[in-house]
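Chemist: Need coordinates for the below:
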Amino acid sequence: MVACQSMPPTPLIIERLDRTVHDRVTFDCGETELNDYLKFIARQHVDKGYAQVWIAVTKPGCTQIVGYYTLSMTSLAPDELQGKSGVRRVPALLLGKLAVDKRYHGQGIGIRLLMHAQRSALLLSRQVGVHALIVDALHEQAADFYRKYDFEELTTGPLHLYKTIKDIARMGL
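Modeler: Residues are numbered from 1 along each chain as shown. Here you go, the predicted structure:
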């Protein structure tokens, strides 16, 4: 196992969750729901194919998790989007969880994870149909974070947000 530094993580390495490497027990983002997901559910979701869990570490092989996010497939009813659609279900990718350990708050880790997730959505959209990246924010503060990065509300409420793949592509990721 590689020892981790507590200095700002530059560069940040984002890799898939590996239960034999990553220490999920010591992660604490300050939100019980997000901590518990990583500790007790994430590995099962990966094993069952429900989600991919992406882990941020300070260097390859590091055991300490700086942050994480999850991606899985989803779909929306056309009336959940602001515009009109001619399909029964709109294909989308769900950014289900995104969290940064409290020890690393204020270092831009969340935006780096979000950019990685958006780039992943864009790359996937070149292989399969994906109209948008969807976020179900945990609370209003989290929704505000996504709004800062041009996510818009779905018609289902202020904590349900999306960004189209076309808008992500315009970012030049």
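
Chemist: what about Asp36, how many neighbours?
Modeler: Look at Asp36: counted by other CB atoms under 10 Å, it has 11 neighbours. Placement of C-beta: from N, CA and C, glycine included.

Chemist: any idea which element it lies in?
Modeler: helix 32-36 (DSSP states H and E).

Chemist: The next helix or strand after that helix packs against which elements?
Modeler: On the C-terminal side of helix 32-36, the closest following helix or strand by DSSP H and E is helix 42-48. Contact partners of helix 42-48 among helices and strands, from 3 or more CB pairs under 8 Å, 6 or more residues apart in numbering; DSSP states H and E: strand 52-57, strand 67-76.

Chemist: what angle sits between the shortest one and strand 67-76?
Modeler: When axes from the mean of the first three to the mean of the last three CA atoms, to 10 degrees is applied, the directions of strand 52-57 and strand 67-76 differ by 160 degrees.

Chemist: Grab the nearest non-local neighbour of the spatially most central residue of the chain.
Modeler: Against the mean C-alpha coordinate of the chain, by CA atoms, centre = their mean, the closest residue is Tyr69 at 3.5 Å. Excluding the flanking residues, the one nearest Tyr69 by CB to CB, 6 or more residues apart in numbering is Leu98, at 4.2 Å.
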